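>>> Build me a model from this:
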Amino acid sequence: MNNSFAKKCRDNNIDCSKAYKFRAKHSDLTDEQIIEYYRNKKTIDYASIRLGERNISLNGLEMELVKYINSHDIDVQFEDGTIVYHKGYMNFKKGYVSHPKYFKCEHVATFKDKKYFLCGCKKCKGKHMLCIDEMKDFECTRGNHTK
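As a prediction, the model looks like this:
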């Protein structure tokens, strides 16, 4: 092994094993060219690419990615303003992020520029007709609930 190449890699915060594999495939390049390649190689900033991305949840509500730490830790805001924390990006893409209050919401009407949804409540298992403005602050009072 070439110790000077390994030292150059460490000095430039380059993964030596990757650099050695790259060097084996590209034997026509000099050590300096390989170091320069890795120094200029940009990592993809998924946070800036994915932030603001929208999708429809399986419960029927639109959701937006509002915070991206990594693919296993994102925060999602539903169209009613409710935010759920620490979800996975793939679950977001597939619509598997669940709303904390509703298991299903179906857009049933629009009246005076307000969208109305018929929502299945997780608490009482009944249905409630709510507009977007009412959804976030809604507290179910149906049925026998113990606290």
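>>> Low-confidence regions, the protein specifically.
Across the chain, the ranges flagged by pLDDT under 70 are 1-2, 42-44, 143-147.
>>> try 80 this time
Applying pLDDT under 80 to the chain picks out residues 1-3, 41-45, 143-147.
>>> which residue ranges form the strands in it?
For the chain, the strands defined by DSSP state E cover 54-56, 62-70, 73-78, 83-87, 102-111, 114-121, 127-131.
>>> so which of the ones you listed gets nearest D28?
Minimum separation from D28 across these (C-beta to C-beta) falls at strand 62-70, 36.3 Å. For every residue, glycine as well, the C-beta is placed using N, CA and C.
>>> Show me what the closest one is packed up against.
Secondary-structure packing of strand 62-70 (3 or more C-beta pairs under 8 Å, 6 or more residues apart in numbering; DSSP states H and E): helix 46-50, strand 54-56, strand 73-78, helix 89-94.
>>> With respect to D15, which of these lies nearest?
Nearest of the helices and strands packed on strand 62-70 (C-beta to C-beta): helix 46-50, 19.2 Å.
>>> Does anything pack onto the closest one? Which helices or strands?
Using 3+ C-beta pairs under 8 Å, 6+ apart, helix 46-50 sits against strand 62-70.
>>> Can you give the distance of the strand it packs on from its chain's centre?
Centre-to-centre, strand 62-70 and its host chain are 4 Å apart (C-alpha atoms, centre = their mean, to the nearest Å).
>>> Tell me the buried residues in stretch 34-50?
I34, I35, Y38 (16 or more other C-beta atoms under 10 Å).
>>> gap between the second one and Y102?
Going back to what we said before, that points to I35. Distance, I35 to Y102, by C-beta to C-beta, to the nearest Å: 54 Å.
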